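*Asks:* after the sequence you'll find the predicted model.
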Amino acid sequence: MSTIETDNMSISISSIEGSQQKSIKNNILKGENLFYVDIKELHTGLYFINVIVNDVVLRTEKFILIR
């Protein structure tokens, strides 16, 4: 993720049913930022990941996890 200034960021993973499965809060610095999300505890299923910066959802992606 690239940003032009330091911001507050969170990543949220929710199941297809809408229940939050994981949430990570972090500060992002000006420039390029790379984040890894540990999903070992998630089960097979369909999930949504949201990237939120300063309380604004910047991106939502759907992913399928198959174990």
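*Replies:* Yes, it's here.
*Asks:* so what's the spatially most central residue of the chain bridging to?
*Replies:* Using CA atoms, centre = their mean, the residue of the chain that lies closest to the mean C-alpha position is Ile11, 2.7 Å off. Beta-bridge pairing of Ile11 under DSSP bridges involves Ile24, Val51.
*Asks:* I'd guessed it sits against Asp38; true?
*Replies:* No: here Ile11 does not reach Asp38: they are 11.2 Å apart, not a contact under CB atoms under 8 Å. From N, CA and C alone the C-beta is placed, and that goes for glycine too.
*Asks:* for the residue nearest to the centre of the chain, which residues are in contact?
*Replies:* Applying CB atoms under 8 Å, 6 or more residues apart in numbering, we find Ile11 in contact with Lys22, Ser23, Ile24, Asn26, Phe35, Val37, Ile49, Asn50, Val51, Ile52.
*Asks:* can we see that at 7 Å?
*Replies:* Ile11 is in contact with Ile24, Phe35, Val37, Ile49, Val51, counting by CB atoms under 7 Å, 6 or more residues apart in numbering.
*Asks:* so Val37 is in contact with Ser23, correct?
*Replies:* No: when contacts are counted by CB atoms under 7 Å, Val37 is not listed as touching Ser23 (10.1 Å).
*Asks:* gap between stretch 58-67 and the chain center?
*Replies:* The offset between the C-alpha centroid of stretch 58-67 and the centroid of the whole chain comes to 9 Å, using CA atoms, centre = their mean, to the nearest Å.
*Asks:* list the buried residues for that stretch?
*Replies:* Of the residues in stretch 58-67, none are scored as buried under the neighbour-count criterion (16 or more other CB atoms under 10 Å).
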